[in-house]
Structures are given as C-alpha cells and as structure tokens.
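Enquirer: Below is the sequence, then the predicted model.
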Amino acid sequence: MNSEEAYKTFTNLITAKESLEIKTGKGGLSYYKNGVFVCHFNAQPQKKRDDLGFADFRYDALRPYLDIEKTLYEIEKEAMPEVQIKNHKLWSTLHFPLTLMEHVAELFSKHIISKVNLRLKVRK
C-alpha cells in the first residue's frame, strides 16, 4: 500500500462514525472534531519504511474533554502488541505496521473521537 492509499484508508476508517475536519500538513493529516484536534496520522514517518504508520494526539487539546490518564490506560490495555505506544510530555504517539491501521483507527474512534463532546467537558 502506498502512502496515498494509506491516507485514504485511515481517513475512511476514522470518519466512518464521526464527521471530522481534515487538514493537510507536511507531516501528514490532522483531524478535528468540532474544531478540537483529536489526532494526527502520518502514513510514512520513516522515509525508508513504507510499511509503518504513526498516529498521535495532544494532551492539552483533549484534556478539557477527556480524562487523559484513563484514556491512555484504556488505549494501552487494548492495543495489540505490535503497536508501540510512546507517551511524551505533550503527546501520545502510536507507531504501528500499516496492516494494523483499522485497529489503530478503532482505538482513536472508541477512546478519543467518540468521547469529545463540546457540551460535556470533563470534571476535575
């Protein structure tokens, strides 16, 4: 699968249940729900590896809408072993074989996108 096909596939998967705005950048596609940044996807983060993908999300964008620690726990619990999750100071990144795109899109859909509701901000 080339990177153009991967972008189309991931977009179709991630927008199957939710209407998202999509912005194109140098490093891939960014997805927004009602103006809230929910995730980013890069179909070829390593130039010499066209079999790997990368998806991430920012804590600061989602903290008003989600319990970040609970979200990280749930994603880590459900992620297949081939999905490498790296939690940084501001971002959580998932590195994965593109063959697992459907799985990763489902993790984002289930644990982030479906839960971002502008009327229901999380309580501290």
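Expert: Looks like it came in fine.

Enquirer: count of residues packed around the nearest residue to N117 once chain neighbours are set aside?
Expert: For N117, the nearest residue in space outside its immediate sequence neighbours is Y65; the separation is 6.8 Å by C-beta to C-beta, 6 or more residues apart in numbering. All C-beta spots, glycine's among them, are computed from the backbone N, C-alpha and C. Y65 is surrounded by 21 other residues when neighbours are defined as other C-beta atoms under 10 Å.

Enquirer: So Y65 versus A55, what's the distance?
Expert: Distance of Y65 to A55, given as C-beta to C-beta, to the nearest Å: 18 Å.

Enquirer: do K26 as well
Expert: When distances are taken as C-beta to C-beta, K26 and A55 turn out to be 16 Å apart.

Enquirer: residue ranges of the strands in this protein, please?
Expert: Counting by DSSP state E, the segments of the chain that form strands are 21-25, 28-33, 36-42, 52-58, 84-87, 91-97.

Enquirer: Turn these into CSV, including mean pLDDT and mean neighbour count.
Expert: Shown next, in CSV, are the strands of the chain (pLDDT from 0 to 100; neighbours: other C-beta atoms under 10 Å):
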stretch, mean pLDDT, mean neighbour count
strand 21-25, 94, 11
strand 28-33, 96, 20
strand 36-42, 96, 22
strand 52-58, 94, 22
strand 84-87, 96, 12
strand 91-97, 96, 18
